[in-house]
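Asker: Could you work out the structure for the sequence below:
(one chain, ligands or ions: 1)
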Amino acid sequence: MRSAAEAIQVAGDTGEPVIVVDGLVKWYGAHTAVNGVRFTVMRGEVFGLLGPNGAGKTTTMEMIEGLRRPDGGSAKVAGFDTQKDLRKVKEVIGVQLQSTSMFDLLKVKEIMRMYASFYPKSLPVESLLEAMILKEKMNDRVKHLSGGQKQRLAIALALVNDPQVVFLDEPTTGLDPQARRTLWDIILKLKEQGKTIVLSTHYMDEAHVLCDRICLMDQGKVIALDTPQRLVRSLHSDSAIEFRASGYESLPEAERTSILQLVQSVAETKQVDMRKDVFILYTDNLQASLIDFIGKAGAAGLSYAELQTRTATLEDVFIHMTGRSLREE
Ligand SMILES: Nc1ncnc2c1ncn2[C@@H]1O[C@H](COP(=O)(O)OP(=O)(O)OP(=O)(O)O)[C@@H](O)[C@H]1O
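Answerer: This next block holds a predicted model:
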């Protein structure tokens, strides 16, 4: 039997391309929000756009959906160009609306029926609500739903026309952990049904759990694209040791150099990344590196805080490539 990781890998390597994005560009005045983005999404994949706020994820998605006009490049969905064949594109896609833009005074079933009426063919409203765990809410007004319920309704609305491709823009932002997990289950069920899903998020755990492949974005560009496993493996280390050298940034140059040299000399360290006064050492031999670090830091009188060890993650991939954290504004 194939392992889950192998199965995921296959999803990205083979199959039929359903979205082809070729050199998309978007300017807002002098600011380049999306700068030559290029990727292909295969049928049945959960494809993640992962990046910090302002990376250009939403703008990229909206250009693929045909909601925003690109200043350069093109995007095709199921063979239809989003600028030339928008009507055809709309037939094959479903777009999750931001819940804030829903009609608050309508009842859940009313808004569903209204959306269903926009399409020549639509799925039965009740079964969609059942799949989104909203059946008992169908007579409630939208304004009385919780954040998680609103997001699930937004997904139900996106599915009304039984689309091949579903776009979810930061579907779990602002939700509590339980509501997030419920949504993760729903997204994985949609994948099981064969839907292609494009998902934007700035949560690396979400991207890791849900996505077959991840397109890591920063400042309007694609900086890496691969399976979560291969992205993390590209660090060539399975563990990270992290600590804060308080006041590092205001130390004289010579002292900063000697601290950096000490950190780089720690046994079995493959690489060292830094952001501000936080150091991250990557290693395949956590025990040896940790013991050596503590010994060397003690001997040199290095004052450090918030020492922690962990498994290397997508966050580390992002830090390694940009010198910044996904979480920084
Ligand atoms: N309508 C607009 N007018 C001007 N600038 C915009 C507009 N929409 C987005 N931007 C800018 O373009 C850049 C990319 O924004 P975008 O919303 O695509 O990023 P994002 O990765 O989706 O971020 P977030 O997670 O905050 O939604 C940001 O710098 C943003 O401020």
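Asker: residues near Tyr115, how many?
Answerer: 20 (other Cβ atoms under 10 Å). Heads up, the C-betas are built off the backbone N, CA and C, glycines and all.
Asker: hang on, it packs against Ala154?
Answerer: No: using Cβ atoms under 8 Å, Tyr115 is not in contact with Ala154; the gap is 10.6 Å.
Asker: Name the SS class of Asp104, please.
Answerer: Assigned with DSSP: H, G, I helix; E, B strand; the rest coil, Asp104 falls in the coil class.
Asker: Show the pLDDT at it.
Answerer: Asp104 carries a pLDDT value of 81.
Asker: now Glu6
Answerer: 39.
Asker: do the same with the one 3 residues further on
Answerer: Here the pLDDT value assigned to Gln9 is 40.
Asker: and if you look at Thr322?
Answerer: 86.
Asker: I'd like to know how far it sits from Asp205.
Answerer: Thr322 sits 19 Å away from Asp205, going by Cβ to Cβ, to the nearest Å.
Asker: ditto for Asp212
Answerer: Where Asp205 is concerned, Asp212 sits at a distance of 16 Å (Cβ to Cβ).
Asker: The two: who's more crowded?
Answerer: More crowded of Asp212 and Asp205, by other Cβ under 10 Å: Asp212, with 21 against 13.
Asker: Now do the same contact list for whatever residue of the stretch 151-300 of the chain ends up closest to the ligand.
Answerer: Residue nearest to the ligand within the stretch 151-300 of the chain (Cβ to the nearest ligand atom): His202, separated by 5.5 Å. Shown in contact with His202 (Cβ atoms under 8 Å, 6 or more residues apart in numbering): Leu50, Gly51, Pro52, Asn53, Ala55, Lys57, Glu170, Thr173, Leu326, Arg327.
Asker: how does it look with 7 Å?
Answerer: By Cβ atoms under 7 Å, 6 or more residues apart in numbering, the contact set of His202 is Leu50, Gly51, Pro52, Asn53, Leu326.
Asker: ok, now Gln264?
Answerer: Here Gln264 is in contact with Val272 (Cβ under 7 Å, 6+ apart).
Asker: hmm, back to that, widest-spaced pair of the contacts of His202?
Answerer: Of all pairs drawn from the contacts of His202, the greatest distance, 12.0 Å, lies between Leu50 and Asn53 (Cβ to Cβ).
Asker: Between those two, tell me which one has more neighbours.
Answerer: Set side by side, Leu50 and Asn53 show more neighbours around Leu50, with 29 against 12, by other Cβ under 10 Å.
Asker: So the more buried one sits against Thr201, correct?
Answerer: Yes: checked against Cβ atoms under 7 Å, the pair Leu50 and Thr201 is within contact range at 5.9 Å.
Asker: Now list whatever residues contact both of those two.
Answerer: Ala207.
Asker: gap between the residue nearest to Ala78 when sequence neighbours are not counted and Asp162?
Answerer: Once flanking residues are discounted, Ala78 sits nearest to Val92: 4.7 Å by Cβ to Cβ, 6 or more residues apart in numbering. Val92 sits 10 Å away from Asp162, taking Cβ to Cβ as the criterion.
Asker: quick one: which of these two has more around it?
Answerer: It is Val92, of Val92 and Asp162, that has more neighbours when counted by other Cβ under 10 Å, with 17 against 14.
Asker: give me every residue that touches that one.
Answerer: Neighbour list for Val92: Val77, Ala78, Pro163, Gln164, Val165 [criterion: Cβ under 7 Å, 6+ apart].
Asker: let's see 6 Å
Answerer: Shown in contact with Val92 (Cβ atoms under 6 Å, 6 or more residues apart in numbering): Ala78, Pro163, Gln164.
Asker: Export the residues you listed as a markdown table, with columns for neighbour count, distance to Lys84 and pLDDT.
Answerer: Formatted as a markdown table, the contacts of Val92 follow (neighbours: other Cβ atoms under 10 Å; distance: Cβ to Cβ, whole Å; pLDDT from 0 to 100):
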| residue | neighbour count | distance to Lys84 | pLDDT |
| --- | --- | --- | --- |
| Ala78 | 20 | 13 | 96 |
| Pro163 | 21 | 19 | 94 |
| Gln164 | 18 | 19 | 95 |
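Asker: now, among the residues you listed, which is nearest to Lys107?
Answerer: Comparing the contacts of Val92 against Lys107 with Cβ to Cβ places Pro163 closest, at 23.6 Å.
Asker: Thought Gly94 was touching that closest one, still the case?
Answerer: Yes: using Cβ atoms under 6 Å, Pro163 is in contact with Gly94, at 3.6 Å.
Asker: ok, Lys86 to the ligand distance?
Answerer: To be clear, residue 86 is Leu; Lys isn't right here. Computed with Cβ to the nearest ligand atom, to the nearest Å, the distance linking Leu86 and the ligand is 19 Å.
Asker: Nearest residue to that residue in space, please, no chain neighbours.
Answerer: Leu86 sits nearest to Gly66 (Cβ to Cβ, 6+ apart), 4.4 Å away.
Asker: pLDDT on stretch 203-214, on average?
Answerer: Stretch 203-214 carries an average pLDDT of 93.
Asker: Return the set of buried residues in that stretch.
Answerer: Neighbour-count burial for stretch 203-214 flags Tyr203, Met204, Glu206, Ala207, His208, Leu210, Cys211, Asp212, Arg213, Ile214 (criterion: 16 or more other Cβ atoms under 10 Å).
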